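**Student:** this one's structure only:
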């Protein structure tokens, strides 16, 4: 792992490949990690204003808010604080947005390196992210080209004969985190070269699926909202909010959830629907629980018996 010094300040239109080759020699099978900030600067993704000014345009959905911090899902599908908008290492009064298409940025850099050097390398575009349940931040891959981003272990057998079912190391993220250790946050070293994992580098002409393959589809994440925001979304019951809760839960799961509510009696599966008899004061709670499970009401809400059906795909 090598993170070279000597890279000047990057501005819109700068040739990142020239800046890289001026400070590093590349070999076939290397992985080049480059920070999203210098990619964004070179691509002109710097704008005047504050993070708050730019947040709405970069946000697909707000997942959670705590004080002045907003955790959002970006249009890239990434879940980041303030949509990854950064106001560090940039002139006061300006902010840096994420690259518009980090995978395309990685592909472009990979192809230009190949054209200039003849070397077959992979490229990873990195950015910093927090983690649920963990303090601190680490770098992750938000763009990738020519790299096997997930190393699939499902179906393999460990030393004790146990078959691995879901193990899939996110090697693109592991490389990004390791690169950040070498670069340092304040070191002014936007590039890192990882050598020794040529087995992860794809052949010329095969850019792979990109870092997009590591992003779970909207609704496939168990944490599509923060805890407070999930309660509010379920109580509002807006159709546009239901995607983040995932696909409809099994009928038996909804029955079990309704059974846990006070003043809701006789929840049961009835053909393709689930029915229950909530008291008036518990009616909104029953509807919200059903919504959070991907089920919506059928018929009138003021009837003694309320029925739910799963949301259509």
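**Tutor:** Received the coordinates, thanks. As the structure is a prediction and not an experimental result, all values here were calculated from the model.
**Student:** So, low pLDDT: which residues of the stretch 201-313 of the chain?
**Tutor:** The model of the stretch 201-313 of the chain has pLDDT under 70 over residues 313.
**Student:** Identify the residue spatially nearest to residue 2, adjacent ones excluded.
**Tutor:** residue 193 (4.9 Å; CB to CB, 6 or more residues apart in numbering). Bear in mind the C-beta positions are built from the backbone N, C-alpha and C, glycine included.
**Student:** which residues does the residue nearest the centre of the chain contact?
**Tutor:** By CA atoms, centre = their mean, the mean C-alpha position of the chain lies nearest to residue 78, the distance being 3.0 Å. Counting by CB atoms under 8 Å, 6 or more residues apart in numbering, residue 78 touches 84, 98, 127, 129, 142, 215.
**Student:** Can you flag which of the residues you listed belong to strands?
**Tutor:** 127, 129, 142 (DSSP state E).
**Student:** so how many other residues sit close to the last one?
**Tutor:** If I follow you right, that is residue 142. 33 (other CB atoms under 10 Å).
**Student:** Please tell me how far it sits from residue 1.
**Tutor:** 20 Å (CB to CB, to the nearest Å).
**Student:** still on that earlier bit, which SS class is the residue nearest to residue 2?
**Tutor:** Assigned by DSSP: H, G, I helix; E, B strand; the rest coil, the conformation of residue 193 is strand.
**Student:** Quick one: residues contacting it.
**Tutor:** 1-4, 24, 26, 30-33.
**Student:** What's the local residue count around the closest residue to residue 125 other than its chain neighbours?
**Tutor:** For residue 125, ignoring the flanking residues on the chain, the nearest one in space by CB to CB, 6+ apart is residue 143 at 3.3 Å. The number of residues packed near residue 143 is 29, by other CB under 10 Å.
**Student:** One more: the one 3 residues further on?
**Tutor:** Residues near residue 146, counting by other CB under 10 Å, number 28.
**Student:** any idea how far residue 176 is from it?
**Tutor:** In this view, residue 146 and residue 176 are 15 Å apart by CB to CB.
**Student:** what's the answer for residue 129, then?
**Tutor:** Distance, residue 129 to residue 176, by CB to CB: 9 Å.
**Student:** Could you pull up phi and psi at residue 144?
**Tutor:** According to degrees, to the nearest 10, the main-chain angles of residue 144 amount to phi -160, psi 150.
**Student:** hang on, isn't it packed against residue 172?
**Tutor:** Yes: if you go by CB atoms under 8 Å, residue 144 and residue 172 touch, sitting 5.0 Å apart.
**Student:** which neighbours do those two share?
**Tutor:** 124, 211.
**Student:** Tell me where the stretch 1-150 of the chain has strands.
**Tutor:** Listed in chain order, the strands of the stretch 1-150 of the chain (DSSP state E, counting those that start in this stretch) span 31-35, 46-48, 59-66, 69-74, 79-81, 94-96, 122-131, 134-145.
**Student:** Check the ones you listed for me and report the most buried one.
**Tutor:** strand 31-35 (a mean of 26; mean count of other CB atoms under 10 Å).
**Student:** Now do it against strand 122-131, angle only.
**Tutor:** On the basis of axes from the mean of the first three to the mean of the last three CA atoms, to 10 degrees, strand 31-35 is oriented at 50 degrees to strand 122-131.
**Student:** Which elements pack onto strand 31-35?
**Tutor:** Strand 31-35 sits against helix 16-21, helix 102-117, strand 122-131, helix 171-183, strand 191-194, with contacts defined as 3 or more CB pairs under 8 Å, 6 or more residues apart in numbering; DSSP states H and E.
**Student:** just so I know, which of these lies nearest residue 254?
**Tutor:** strand 122-131 (30.6 Å; CB to CB).
**Student:** Show me the domain layout of the protein.
**Tutor:** What automatic domain parsing lists as the domains of the chain is 16-45+99-214, 227-310.
**Student:** For these, please prepare CSV with the additional fields distance to residue 67.
**Tutor:** Output for those, formatted as CSV (distance: least, CB to CB, whole Å):
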stretch, distance to residue 67
domain 16-45+99-214, 14
domain 227-310, 12
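**Student:** Looking at those domains, which is nearest to residue 70?
**Tutor:** Smallest distance to residue 70 across those (CB to CB): 10.6 Å, for domain 227-310.
**Student:** Ends of that closest one, what's the gap?
**Tutor:** 23 Å (CA to CA, to the nearest Å).
**Student:** Same check on stretch 189-203?
**Tutor:** 28 Å.
**Student:** Please apply the same query to stretch 112-130.
**Tutor:** Start-to-end, stretch 112-130 (CA to CA) is 32 Å.
**Student:** now stretch 92-107
**Tutor:** Termini of stretch 92-107 sit 31 Å apart (CA to CA).
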